[in-house]
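[1] I'll drop the sequence and a predicted model, then ask my questions.
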Amino acid sequence: MNPPMTLRSFAGHVGVLSRILREDKQASTRQSDPPPADADDDGFTLAEVVVSLALFTVVSFAVMMAMVTLVKLTGVTQHRVAASNLARQEVEKLRGQNSTASQLNATATTVTLKGTSFTITPIMTPAATATCAPGAARNVTVKVSWNDSSTRTVRYDTVLSC
């Protein structure tokens with residue numbers, strides 16, 4: 001004879017039945033889904049990570065070296081522009097002094113701009129101490145030199161008429 005069915009045993013049978021139906025439904029769903037392309041494609045392998053880090057390091061160093069070179073060249077260009085301006089100013093000063101009876105001041109001078117010393121040296125032919133005959137000309141070269149990583153020079157040439 002079967003023991004009488006209690007509410008508790010009925011709930012247990014319903015739970016078992018619902019679990020069986022759920023598993024059956026999941027099995028039918030899995031059969032209709034397309035199979036995964038590659039079950040092993042869950043992430044990167046150690047070799048892929050090492051290669052990508054090596055490539056990233058090489059590219060990073062190349063960019064860093066380009067930036068360092070750019071900063072150095074910017075400094076050199078700033079000094080070159082300052083030296084060109086100093087040479088032009090010296091030529092304008094010599095033009096203002098130029099006349100047939102005067103002697104030009106051709107002494108070398110040193111100017112310091114933003115911590116960099118620039119040496120301005122005018123060179124003239126005929127010499128600055130010689131008087132210039134009317135209608136003649138004097139060749140003037142102004143050299144401005146400074147020292148950063150090496151000695152650099154900017155040269156400005158002109159002709160002054162007497």
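    Perfect, thanks for sending it. Numbering: from 1, shown residues only.
[2] helices or strands up against the longest helix along the chain?
    If you go by DSSP state H, the chain has its longest helix at helix 46-97. Helices and strands touching helix 46-97, by 3 or more C-beta pairs under 8 Å, 6 or more residues apart in numbering; DSSP states H and E, are strand 116-125, strand 137-147, strand 151-161. For every residue, glycine as well, the C-beta is placed using N, CA and C.
[3] ok now that helix, how far from the chain's centre?
    When C-alpha coordinates are averaged (C-alpha atoms, centre = their mean, to the nearest Å), helix 46-97 and its chain have centres 8 Å apart.
[4] quick check: next helix or strand after it?
    Moving toward the C-terminus from helix 46-97, the first helix or strand encountered (DSSP states H and E) is strand 109-113.
[5] ok, residue 52 to residue 58 distance?
    Note on residue 52: its distance to residue 58, by C-beta to C-beta, to the nearest Å, is 11 Å.
[6] still on that earlier bit, export the helices and strands packed on helix 46-97 to JSON lines and tack on distance to residue 82 and mean pLDDT?
    Listed next are the helices and strands packed on helix 46-97 as JSON lines, based on distance: least, C-beta to C-beta, whole Å; pLDDT from 0 to 100:
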{"stretch": "strand 116-125", "distance to residue 82": "7", "mean pLDDT": "90"}
{"stretch": "strand 137-147", "distance to residue 82": "8", "mean pLDDT": "90"}
{"stretch": "strand 151-161", "distance to residue 82": "9", "mean pLDDT": "90"}
